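S.K.: Build me a structure from this.
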Amino acid sequence: MNQKMLFDNSKIFKVPLKSSNQLVAGNTLALVSIFLFAAGFPAAEVLLDVWHPITLMFVRLLLAVSTLVVLWAFIEGLSSVLKAPWLKGIKIGLLGFGLGTNLLLFAQWFTDPITVALLATLIPISATILEVWDGRRKLNSRFILGLSASIIGGFIAVSENISIDLGWGVLMALGSGFCFMWASDKSVTRLSELSSIARSSVTFTGAAVFTTISFAVFFTLGLIEIPTMLSSGQFLSLIIYSVIAMAISQVFFIAAIDKVGIAITSLHLNFSPFYVMIILFVLGGVWDLRAVVGASIVAFGVWLAQVK
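M.R.: Numbering: from 1, shown residues only. Got it, this is the predicted structure:
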């Protein structure tokens, strides 16, 4: 039986896969990735009470990159880290994740979180455009309906009070989503010789460079400060936000793209509101039927988009 690796070239995490199981593997990886990603939202709520968004993103990326590089070296050896195409990866991360992160922060500044959340449901459109543009995907009625269902489901899940604040913030939010999808896609297509953890490491390093420059400018101008003390709860939230919801989540996300492509993987993003609700419910929050309905529609869309 052929062995295909969950983390590509890594010598561990091997699972036996038949080609017929490619969709199952890819969708499972995407599900895990987005659940871990969703865990970052409650953590961010705690941290933003004491951190400026730019400071938080700066520290988050430093912790994420540090974790990824250490794990990469441990799994594949230091020689793999040293021989990697760092410059190519940093360019992708700089233009994609770095620019996208900053656009997202300014989008929230110019609009409001509700508008940004609503616009985020459109991210699968950007991912689909990337695949269609270079001929990797031919659109058919089932995929288009599945894509539409995913967007509608995500919209329902986040639209308790529908209010879109039009303006520059909208363009920034849409641009941010495209940047994230472009960088994730190019992490796979242009760094095909690397494992998922290696791809995530080199591209997030580029994002860290961009964010470090942003932080340095704001800090020099005296516009932001670094908190001197963190409570145990805040420290735990920082680890969840940086290591679990960013570093580990991205490794699974890239692995999913490698299996099923950026378009299908991106459909799972609209499960995020449902996963956040589940996490908050476990922590004592309320059950949100709207999020359940939205997730059900998203699930139908993910299935329909892959039906042959």
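
S.K.: where does this structure have low pLDDT?
M.R.: Residues of the chain meeting the criterion pLDDT under 70: 1-20, 112-114, 160-166.

S.K.: What segments of it are strands?
M.R.: With strands called from DSSP state E, the chain shows them at 3-5, 14-16.

S.K.: Pull out the buried residues from stretch 206-213.
M.R.: Neighbour-count burial for stretch 206-213, counted by 16 or more other CB atoms under 10 Å, picks out 206-211. Yep, even glycine has a C-beta here, placed from its N, CA and C like the rest.

S.K.: OK, contacts around the closest residue to Leu36 other than its chain neighbours?
M.R.: Excluding the flanking residues, the one nearest Leu36 by CB to CB, 6 or more residues apart in numbering is Ser249, at 4.0 Å. Ser249 makes contacts with 33-34, 36-37, 40, as judged by CB atoms under 8 Å, 6 or more residues apart in numbering.

S.K.: Please identify which of those residues is nearest to Arg290.
M.R.: Relative to Arg290, the closest of those is Ile34; by CB to CB it sits at 18.2 Å.

S.K.: Against Asn27, how distant is that closest one?
M.R.: Shown here: Ile34 relative to Asn27, a distance of 11 Å by CB to CB, to the nearest Å.

S.K.: would you turn the contacts of Ser249 into JSON lines with distance to Leu71 and neighbour count?
M.R.: Formatted as JSON lines, the contacts of Ser249 follow (distance: CB to CB, whole Å; neighbours: other CB atoms under 10 Å):
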{"residue": "Ser33", "distance to Leu71": "16", "neighbour count": "24"}
{"residue": "Ile34", "distance to Leu71": "20", "neighbour count": "24"}
{"residue": "Leu36", "distance to Leu71": "15", "neighbour count": "22"}
{"residue": "Phe37", "distance to Leu71": "18", "neighbour count": "23"}
{"residue": "Gly40", "distance to Leu71": "18", "neighbour count": "22"}
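
S.K.: Switch these over to a markdown table; also include distance to Leu267.
M.R.: Output for those, formatted as a markdown table (distance: CB to CB, whole Å):
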| residue | distance to Leu267 |
| --- | --- |
| Ser33 | 12 |
| Ile34 | 10 |
| Leu36 | 17 |
| Phe37 | 14 |
| Gly40 | 19 |
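
S.K.: Return the member of those residues nearest to Asn140.
M.R.: Ile34 (24.6 Å).

S.K.: How about the contacts made by that closest one?
M.R.: Applying CB under 8 Å, 6+ apart, we find Ile34 in contact with 249, 253, 268-269, 271-272, 275.

S.K.: got the contact list for the closest residue to it other than its chain neighbours?
M.R.: Ranked by CB to CB, 6+ apart and with sequence neighbours excluded, the top spatial neighbour of Ile34 is His268, at 4.8 Å. With contact taken as CB under 8 Å, 6+ apart, His268 is in contact with 27, 30-31, 33-34, 256, 298, 302.

S.K.: which residue ranges form the helices in the stretch 101-250 of the chain?
M.R.: Remark: helices assigned in the stretch 101-250 of the chain by DSSP state H, counting those that start in this stretch are 113-120, 123-133, 141-158, 168-189, 196-220, 232-239, 249-260.
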